[in-house]
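Colleague: The following comprises the amino acid sequence and a computationally predicted model.
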Amino acid sequence: MPDEIIIGVDTGGTFTDFVFIEDGRLRTLKVLSTPSNPAQAVCEGIEKIAKGRRKKIVHGSTVATNALLERKGAETALITTKGFEDIIEIGRQNRTKIYSLKYKKEPPLIPEDKRLSVNERTLHTGEVLRKINLDEVREIIEEAVNRGAKSIAVSLLFSFANPQHEEIIGKECIERNIPVSLSHRIVPEFREYERTSTTVINAYVSPVMEKYISQLNDYVLGEDKLTIMQSNGGCISADTAMNEAVKTILSGPAGGVVGASSAAFESGIRKIISFDMGGTSTDVSLIDEKLSMTTESYICGMPVKIPMIDIHTVGAGGGSIARFDEGGALRVGPESAGADPGPICYGRGNEVTVTDAHLFLSRLSEKYFLDGLMKLNGMKVETAIKEMAKRNGIDPLTLAEGIIEVANSTMEKAIRVISVEKGYDIRDFYLLSFGGAGGLHAVDLAESLSMRGVIIPYAPGVLSAIGMVKSDIIKDYSSTVMLREDDTSFQELTEKFKSMEKKAVDEMMKEGVNKSAVSLMKFLDMRYEGQSYEIIVPFTENYIENFNDLHKERYGYSHSGIACEIVNLRIRAIGKREMTKYDPKKDKTVGQRSFVENCNLYYKSQLLKGKVYSRQGLDVGETIVGPAIIVEYSATTFIPPHWQATIDENLNIFIHRR
């Protein structure tokens, strides 16, 4: 055995997934998640895999996400410039549901009594108009603590231009051992509301993340190295993640997109929709030659202004609960049975879920779930679905198929949002499906959307964890400059980048990356004068021409006669990590047959004769004609009639129409 192994850990709503590479083989493990104590499942899996061995762990954590979704973060106070105390409540005054007569805006994370201010003022140029008073700062911090604050967010007007006053408040908080988040460190950019919102979220979730990481370190990790996946597709040290937890909000889904892009590119496919269906939710992202990135997203209705992979999430997963509403309409999700109690077929749940519907339709195998390590309870599912159907006056088969169709419609809409609604021709794209439940829905979705086909990558149920193992160390930096094109030049902008470059290299070295291994990518946020939105443009000598071309490509027109503005400078620092290669063909048992048994299954209300295949026995070039089920440890794939699957050189499954 090697002295040190790299382990990818992805915590999901139902399972916690582990992958590691040993002797050129990819090893996987799935452990039921422990939502009440997420560290328990993580520690349990690591103990099974690597007890007594040195290890590097890349972890996609849902701790920050759940703290925000469930509003179980730290009691937080906001300190801002006098007169701006209510900025997180006023926001942009947008209504997310403009036709709802009962619309009720979500309350801010910080209540009014914990929104405090100091009498200071910095101008947009960075000039200090009114100096901060140290005695007032100390009084305000004391007041915040007296009102129950366990963490403090500081967001002063124009602090991105001159952070002096924020640094003073931060120093006073640190001296009192109070966790503090300073906006000029989290988001050194203009747009007060978005910067403040992001800083508040960071202050709200960072103490929870710190407690979680400390628990992992104390329980199992010791001197081993722990890195945390970020929403931008890269990883950072655990110490950095404790202080910048907002950057980990979408860490699990980001790992999946990284894994999906890697699997597709290795097979020569450059246009895919990544489709990650887990137990609680489904995450989709468009990849057209490269990952789709955004610098602003909304989580729980609140803006988060940090670079992240553009991922759209809906509440439809294998554990999504089916119910009939007051009007008699069938609803599926967003409520989920999760891991505890889980679907009925797991033996503890009592509400019908999407997974139960698949088992009722015989698209899941009772015997071969998790390679036979977990037996499903088909009798209990049959009883529950028949009782639910009887209560609502419909046929049980119609109910089970209806549950699948409702879940599919939710996921189809999500795919349209990131593709068709943005002008992409979805017929050019493959649907790359992963997650434990993805393979059961992928072909139906590709059919409905007229997509090119479906790809089921190797080890699809743990692809997010694979993406984490494959991820590089990545850090993003930005700085607001607000320059007209005729007030600057390529040479002047190059000079302005230099201080950011030094900071990026220094911090990457602190992350353990050799200076020679650091690569820097430079970008500009640009817009036409008078616009209120920007486009990210690679920084080259032709940046103005590139901006005009990108604007025309995205919006159908350009204004070469109107002056451009450079709003922000951006740097992405990448530290490439060496990864041990693995060969999927090594996992195939010599002489193992792919065919397992014949089966009967339901599709479109008809009972059909199909076949069950073992993924581990499939050979390169082998063809499987639907209807068929492919079983493996981490997932199940359903191939309907009129579709067929072939196995490529990397043991990915390509599914096309016959």
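Modeller: Structure's in. What do you need? Numbers count the residues shown, from 1 in each chain.
Colleague: number of nearby residues for the nearest residue to residue 115 once chain neighbours are set aside?
Modeller: Spatial nearest neighbour of residue 115, excluding adjacent residues (CB to CB, 6 or more residues apart in numbering): residue 85 at 4.4 Å. Bear in mind the C-beta positions are built from the backbone N, C-alpha and C, glycine included. Neighbourhood size, residue 85 [other CB atoms under 10 Å]: 18.
Colleague: what about residue 85, which SS state?
Modeller: Using DSSP: H, G, I helix; E, B strand; the rest coil, the structure places residue 85 in coil.
Colleague: Kindly list the main-chain dihedrals of it?
Modeller: Main-chain torsions, residue 85, degrees, to the nearest 10: phi -60, psi -30.
Colleague: quick check, distance from stretch 46-64 to the centre of its chain.
Modeller: Remark: stretch 46-64 is offset 19 Å from the chain centroid, using CA atoms, centre = their mean, to the nearest Å.
Colleague: Stretch 426-433 now?
Modeller: Taking CA atoms, centre = their mean, one finds stretch 426-433 lying 19 Å from the centre of the chain it belongs to.
Colleague: domain ranges for the protein?
Modeller: Following automatic domain parsing, one finds the domains of the chain at 4-68+210-248, 75-178, 473-575.
Colleague: Run the chain-centre distance for the last one.
Modeller: It refers to domain 473-575. Distance of domain 473-575 from its chain centroid, counting by CA atoms, centre = their mean, is 25 Å.
Colleague: Contacts for stretch 69-77, please.
Modeller: With CB atoms under 8 Å, 6 or more residues apart in numbering as the test, stretch 69-77 has contacts from 66-67, 109-110, 114-116, 144, 147-153, 179, 200, 203-208, 300.
Colleague: Selecting buried members of those residues in ChimeraX, what would you type?
Modeller: This is how ChimeraX selects the buried members of those, with burial counted by 16 or more other CB atoms under 10 Å:
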select :66,67,109,110,114,115,116,144,149,150,151,152,153,179,200,203,204,205,206,207,208
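Colleague: Among the contacts of stretch 69-77, which lie within strands?
Modeller: Counting by DSSP state E, the contacts of stretch 69-77 place 115, 116, 151, 152, 153 in strands.
Colleague: Closest one of those residues to residue 607?
Modeller: residue 151 (58.1 Å; CB to CB).
Colleague: if I look at the residue lying farthest from the centre of the chain, how far off is residue 142?
Modeller: Distance from the C-alpha centroid of the chain peaks at residue 135, with 42.7 Å (CA atoms, centre = their mean). As judged by CB to CB, to the nearest Å, residue 135 and residue 142 stand 11 Å apart.
Colleague: which stretches of the stretch 351-500 of the chain form strands?
Modeller: Remark: strands assigned in the stretch 351-500 of the chain by DSSP state E, counting those that start in this stretch are 430-434, 453-456, 473-484.
Colleague: Now mean neighbour count, distance to residue 304 and mean pLDDT too, for those strands, in JSON lines please.
Modeller: Output for the strands of the stretch 351-500 of the chain, formatted as JSON lines (neighbours: other CB atoms under 10 Å; distance: least, CB to CB, whole Å; pLDDT from 0 to 100):
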{"stretch": "strand 430-434", "mean neighbour count": "29", "distance to residue 304": "25", "mean pLDDT": "97"}
{"stretch": "strand 453-456", "mean neighbour count": "25", "distance to residue 304": "30", "mean pLDDT": "98"}
{"stretch": "strand 473-484", "mean neighbour count": "19", "distance to residue 304": "13", "mean pLDDT": "96"}
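Colleague: follow-up on the earlier one: what sits against the residue nearest to residue 115?
Modeller: Going by CB under 8 Å, 6+ apart, residue 85 touches 78, 112, 115, 116, 117.
Colleague: neighbours of the last one, just the number please.
Modeller: Residues within reach of residue 117, counting by other CB under 10 Å, total 17.
Colleague: ok, it - contacts?
Modeller: Taking CB under 8 Å, 6+ apart as the definition, contacts of residue 117 comprise 79, 80, 81, 82, 83, 84, 85, 140.
Colleague: Also the second one?
Modeller: Neighbouring residues of residue 112 by CB under 8 Å, 6+ apart: 85, 86, 89.
Colleague: can you pull the contacts of the closest residue to the last one other than its chain neighbours?
Modeller: The reference is to residue 89. Using CB to CB, 6+ apart and skipping the chain neighbours, the partner closest in space to residue 89 is residue 108 (5.1 Å). Contact analysis of residue 108 by CB under 8 Å, 6+ apart lists 88, 89, 200.
Colleague: and if we set it to 10 Å?
Modeller: Contacts of residue 108 were listed using CB atoms under 10 Å, 6 or more residues apart in numbering, and they are 78, 86, 87, 88, 89, 90, 91, 114, 115, 197, 200, 302.
Colleague: where does the third one land on pLDDT?
Modeller: The reference is to residue 87. In the predicted model, residue 87 carries a pLDDT score of 95.
Colleague: And the last one, by the same measure?
Modeller: Note for residue 302: predicted pLDDT of 91.
Colleague: Repeat that for residue 368.
Modeller: With respect to pLDDT, residue 368 scores 85.
Colleague: show me the contacts for residue 348.
Modeller: Under the criterion of CB under 10 Å, 6+ apart, the neighbours of residue 348 are 337, 339, 340, 341, 342, 377, 380.
Colleague: Can you verify my assumption that residue 182 contacts residue 196?
Modeller: No: between residue 182 and residue 196 there is no contact, the gap being 11.6 Å when judged by CB atoms under 10 Å.
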